[in-house]
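[1] no sequence on this one, just coordinates:
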């Protein structure tokens, strides 16, 4: 698509899209997806045509597909997209937006759910970061830690899946906020990355002899805040290491997303009562009334070099399923994105 | 003991006490306790001698014995006691106090942990109520529902073990606060009692075909607040019936107190996240800086007839173990107390 299509909208646009062919049964596999092409209609007044530049793959898509999608639906998700045609005066051709367009190379929008990239977005900063550290995962870390956990300076914060898109931001925000941070990840490379980010302690949860002992060694006094991206057995062990009045923000449960039958773990009531813990589950979208403030803070920290990021970039729209599947194999360091 | 012992403190006082003979293994049994007699020494300046009138048996004693006691220790607990001798100018002989004296007929105190019964305590109100509805269990219901759950008028509140000392107060406070209240209990008599207290819905969780269906039928829209006294499987089912942004106060876990090995249930992370729930465990003692305000409110409601109470009174200090054991058999309707 070229910009001149604003003047000539009779040209047909063909979008490639990824549909959910078959509901996932356990781990997602390539054959659960289907690549299709769709002819997009001409724009009506108020509409605009967008072209995906970077697409996001995120763990949440796994449980949401189960809850909210039927077979044949196009996969849900966000992207950084360029406006290639506009019949909406609020949007200029050539501008970049963050959209919830699903897994599509091109799509039509009425502009309502689009978020323009900040005008002060630095030239040197990849626009894909608007899908990660200065996007939904960054906001998740920001609100989860500062508002749900109500982290305070001097506290000790535990983050699991700490080398992931959310965890890596959560850990760094905890450091910026004057906390001691302990991070867990699933490979030695990731652990080295966490140390390079300034985590005070980090370990590979897959290779420690005892998670309980590793957590105790990393913080003998226990933890005030626990930013939980993993759930399952990790959480069952960690809850016993919380300090009195500790707070657990339940952000994700990636260890449980691919179970075909619900798993069981020790009941939580005893530690909840005797340590007087607060546990809170949250969806970042509930905080989007304060999105602007948070994006501003995240972008500022990134520009100042206080908040580092790493991206795991997969090239090619046709590789979206593999990029997504890779999330559950722990392939990504930092944010997983697909470059069209 | 007579009042004249203030003048003549050379008389020996013999206290009967119940000691933990053997740590409980599963359900507490009579042979785990030992009745002893202790000769109390003469009072020193600042001390006072108390005689238990009513003693409290509470489910919390089961987990606390495991955590905090060793074999041979005297059982922990509270009582309403009469001051029979005083060398402490702050306390007058004949006054009644709530004390944490443990399972003893007589004991010596320095006065520090004693709480005088309010001066406006009605003559017609049994003093044992200071161990129940206008005491620790009432305070638990009050702070748990109003401060931890932050119950709001018009909400739907679920209470289990609802005919117990805490649950019966929690349900009534919810009604006073303008909520719809659903209560669960373990016998048809208890269910009838709940209805007489004004619970909107009540059912016998032991006889319903499906707890899930019974909860759904009682409130098809789900629950805003869940006052959990039971834990275990009940909680695992109920958590799925919470509304978005629901709050669960974890007050007790009586279903789990007598397990010899920790039990397992479905992981909580999925409902916590997708319903954005808050779960908070609490100990009422953390709210004792506001005890006076709450006791005043509870007493007022009792006097006004808005807060009804029922007591399950066991006669005789020698029957304390059986009264305690009865808690775990569901024998008590309302507050279980022992009259010396």
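    The structure has been received and is ready for your questions. Predicted, not measured: the structure shown is a model, and the values here were computed from it.
[2] Quick check: the closest residue in space to residue A:75 that isn't next to it in sequence vs chain B, distance?
    Excluding its sequence neighbours, the residue lying closest to residue A:75 (Cβ to Cβ, 6 or more residues apart in numbering or on different chains) is residue A:103, at 3.9 Å. For the C-beta atoms, the positions are set from N, CA and C on the backbone; glycine is no exception. Plainly put, residue A:103 is 22 Å away from chain B if you go by Cβ to the nearest Cβ, to the nearest Å.
[3] dump the residue contacts of residue A:103.
    Neighbouring residues of residue A:103 by Cβ atoms under 8 Å, 6 or more residues apart in numbering or on different chains: A:17, A:18, A:55, A:74, A:75, A:76, A:77, A:320.
[4] what do you get for residue A:171?
    By Cβ under 8 Å, 6+ apart, residue A:171 lies in contact with A:157, A:159, A:162, A:181, A:183, A:194, A:197, A:198, A:199.
[5] tell me which residues in the top helix by length along chain A are buried?
    What stands out as the longest helix in chain A, according to DSSP state H, is helix A:291-304. Across helix A:291-304, burial judged by 16 or more other Cβ atoms under 10 Å in any protein chain shown covers A:291, A:294, A:295, A:297, A:298, A:299, A:301, A:302.
[6] Next, format the residues you listed as JSON lines and append distance to residue A:112 and pLDDT.
    Below are these laid out as JSON lines (distance: Cβ to Cβ, whole Å; pLDDT from 0 to 100):
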{"residue": "A:291", "distance to residue A:112": "15", "pLDDT": "95"}
{"residue": "A:294", "distance to residue A:112": "21", "pLDDT": "97"}
{"residue": "A:295", "distance to residue A:112": "18", "pLDDT": "96"}
{"residue": "A:297", "distance to residue A:112": "25", "pLDDT": "97"}
{"residue": "A:298", "distance to residue A:112": "24", "pLDDT": "98"}
{"residue": "A:299", "distance to residue A:112": "23", "pLDDT": "97"}
{"residue": "A:301", "distance to residue A:112": "29", "pLDDT": "98"}
{"residue": "A:302", "distance to residue A:112": "27", "pLDDT": "98"}
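[7] Relative to residue A:278, which of those residues is nearest.
    Proximity of the buried residues of helix A:291-304 to residue A:278 was ranked by Cβ to Cβ; the top entry is residue A:294 with 21.7 Å.
[8] The nearest residue to the closest one once chain neighbours are set aside: what's it in contact with?
    Spatial nearest neighbour of residue A:294, chain neighbours left out: residue A:142 (4.7 Å); criterion: Cβ to Cβ, 6+ apart. Counting by Cβ under 8 Å, 6+ apart, residue A:142 touches A:169, A:173, A:294, A:297, A:298.
[9] For residue A:142, report the pLDDT, please.
    For residue A:142, the model assigns a pLDDT of 98.
[10] Surely it forms part of a helix?
    Yes: checked against DSSP: H, G, I helix; E, B strand; the rest coil, residue A:142 lies within a helix.
[11] if I look at it, how far off is chain B?
    In terms of Cβ to the nearest Cβ, residue A:142 sits 17 Å off from chain B.
[12] what sits against residue A:135?
    Contacts of residue A:135 by Cβ under 8 Å, 6+ apart are A:56, A:78, A:98, A:129, A:295.
[13] out of the contacts of residue A:171, which are buried?
    A:157, A:159, A:162, A:181, A:183, A:194, A:197, A:199.
[14] May I have the secondary structure class of residue A:152?
    coil.
[15] That'll do, ta.
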